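**Student:** predicted model, plus sequence, below.
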Amino acid sequence: MAKNEPIPWKDNRTEEQKYKYRKMVAGAKIIRLSAIYEEAVRANRWDPDRECYLDEYGKTAVDHKKIDIEAIIQEYKEEDEYWQKKWWGDEEEKKKKKELIDEIERNSEKISLDEFIELVNRVREGITKIEESKKDETSKCEVVCSKCEK
C-alpha cells in the first residue's frame with residue numbers, strides 16, 4: 001500500500017449519501033481555504049506579478065467566493081471511484097471476463113483443437129484490451145488524484 005493510499009473498504013452507500021458526505025467535506029475545504037485567503041488579505045501579501053494574494057508559504061490564496069463547490073464535489077467523486085475500481089475492479093470488466101471464459105467452456109466440447117486455440121487467442125486479446133483500457137483509466141484517475149492532493 002502506498003504512503004497516501006487509504007485503507008481499502010467497500011463503498012455500499014447510496015449516491016445520495018455519497019453526495020451529502022462529499023458536499024460536507026467540500027464545504028469544510030472551502031472554509032479552510034477562506035481562512036487562508038482572509039489571513040493573506042489581512043497580512044497584505046499581494047503579489048503584483050501574479051495579481052493574487054499569497055499564503056504564508058508563497059502559494060496562491062484563493063477567494064472562497066469564487067470557488068465552485070460542485071467542482072470540488074466532482075473531484076472527490078472521481079477520487080472515490082478511482083480507489084473503488086483499483087481495489088475491487090469494475091463490475092463490467094468482471095462480467096466481460098466471465099462471458100469470455102463461459103464462451104470457452106461452452107465451445108470447448110464442440111470444436112477441434114485448432115478452433116479451440118483460435119478461440120483462446122481471441123479471449124486473450126479481449127482480456128488484454130480490457131486491461132489496457134483499465135491502465136489508461138488508472139493513469140487518468142492518478143492525474144485527477146494528484147490534483148486533489150494539491
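**Tutor:** Alright, I've got the coordinates.
**Student:** so where do the strands sit in this structure?
**Tutor:** 46-47, 52-54, 60-61 (DSSP state E).
**Student:** what's next to the second one, contact-wise?
**Tutor:** Just to be clear, that refers to strand 52-54. With CB atoms under 8 Å, 6 or more residues apart in numbering as the test, strand 52-54 has contacts from Y37, A40, V41, R45, W46, D47, T60, A61. C-betas here are computed from N, CA, C, even on glycine.
**Student:** burial check on the fifth one, number of neighbours?
**Tutor:** Neighbour count of W46, defined by other CB atoms under 10 Å: 12.
**Student:** same question for the first one.
**Tutor:** Neighbours of Y37 under the rule other CB under 10 Å: 21.
**Student:** what pLDDT does the residue of the chain positioned farthest from its centre get?
**Tutor:** Distance from the centre of the chain peaks at S112, with 44.4 Å (CA atoms, centre = their mean). S112 carries a pLDDT value of 75.
**Student:** between the contacts of strand 52-54, which is nearest I130?
**Tutor:** For the contacts of strand 52-54, the minimum distance to I130 (CB to CB) is 40.6 Å, reached by T60.
**Student:** please name the residues that touch that closest one.
**Tutor:** R50, C52, Y53, L54.
**Student:** can you rerun that using 10 Å?
**Tutor:** I36, Y37, A40, D47, R50, C52, Y53, L54 (CB atoms under 10 Å, 6 or more residues apart in numbering).
**Student:** check I73 too.
**Tutor:** K18, Y19, Y21, R22, K23, M24, V25, A26, G27.
**Student:** ok, now E56?
**Tutor:** I36, E39, A40, A43, R45.
**Student:** backbone phi and psi for it, please?
**Tutor:** Torsion angles at E56 (phi, psi; degrees, to the nearest 10) stand at phi -70, psi -20.
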